[in-house]
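Enquirer: Would you be able to build a 3D model of this:
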Amino acid sequence: MTCGSIPPVLDACCGGRMFWFDKHDTRATFLDNRCEELYADSRQGRRSIVINPDMVACFTSLPFESNSFRLVVFDPPHLTRNGGSSWMAKKYGTLKSDWKELLTKGFKECFRVLKPEGILVFKWNETDIPVSQILKLTSEKPLFGNRCGKTAKTHWIVFLKS
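Expert: Below you'll find the predicted structure:
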């Protein structure tokens, strides 16, 4: 990044950048609330994930001016029952009892930093919480979406900021 200039895309909770084709794409700013390398042993061998964002911050208080990005990716933690020390908890994070407030703030912040007519791509897996409950946490209206995954519980939903 050059001084005073930021890339047009924000990944507001990048984690291990698992769905990115290029995990170091210079068109994006990668943000997460943690920076760490995680390891776990399993029957399949040793697992690892590196969480190394460009910036460490929480998606509920984004350190950017309003109307900064053309595209925001919002893939927050979605599990509530994955155990505090499980591999899933380490890899994806865990939502606590205040998840509604947390995600409401996250949506507000993502839309705040999004430019007018900008795109928000939201990813949600409804294993623990139905997507219908999550969409009630924002007043913005989704444009379209798609279900995928083995059980069709992962939703990719696209919003256009008005």
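Enquirer: Grab the CA positions of the longest helix anywhere in the chain and hand them over as CSV.
Expert: Longest helix in the chain by number of residues (criterion: DSSP state H): helix 99-113. Taking Å, rounded to 0.1, in the frame of the first residue of the first chain, the C-alpha atoms of helix 99-113 are listed here in CSV:
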residue,chain,number,x,y,z
TRP,A,99,-23.7,-12.7,18.7
LYS,A,100,-26.7,-10.7,17.6
GLU,A,101,-25.1,-7.4,18.8
LEU,A,102,-21.7,-8.4,17.4
LEU,A,103,-23.0,-9.2,13.9
THR,A,104,-25.3,-6.2,13.9
LYS,A,105,-22.3,-3.9,14.6
GLY,A,106,-20.3,-5.9,12.0
PHE,A,107,-22.9,-5.3,9.2
LYS,A,108,-23.1,-1.6,10.1
GLU,A,109,-19.4,-1.2,10.0
CYS,A,110,-19.0,-3.1,6.7
PHE,A,111,-21.7,-0.9,5.1
ARG,A,112,-20.2,2.2,6.6
VAL,A,113,-16.8,1.7,4.9
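Enquirer: Each with direction, which strands does whatever helix or strand comes next after that helix pair with?
Expert: Using DSSP states H and E, the helix or strand that follows helix 99-113 towards the C-terminus is strand 114-125. Strand 114-125 has these partner strands in its sheet, going by DSSP bridges: strand 69-74 (parallel), strand 154-160 (antiparallel).
Enquirer: list the buried ones in the last one?
Expert: Read that as strand 154-160. 154-155, 157, 159 (16 or more other CB atoms under 10 Å). Backbone N, C-alpha and C define where each C-beta goes, glycine included.
Enquirer: What of the first one?
Expert: By neighbour count on 16+ other CB under 10 Å, the buried set for strand 69-74 is 69-74.
Enquirer: what does stretch 8-20 give?
Expert: Quick answer for stretch 8-20 (16+ other CB under 10 Å): 9-17.
Enquirer: Stretch 22-36 too?
Expert: Quick answer for stretch 22-36 (16+ other CB under 10 Å): 28-33.
Enquirer: any idea which of those residues is the one closest to Lys108?
Expert: Using CB to CB, Leu31 comes nearest to Lys108 of these, at 15.7 Å.
Enquirer: Could you list the low-confidence segments of the protein?
Expert: 1-4, 84 (pLDDT under 70).
Enquirer: what are the ranges of the helices in it?
Expert: Under the criterion DSSP H, the chain carries helices at the ranges 87-92, 99-113, 131-135.
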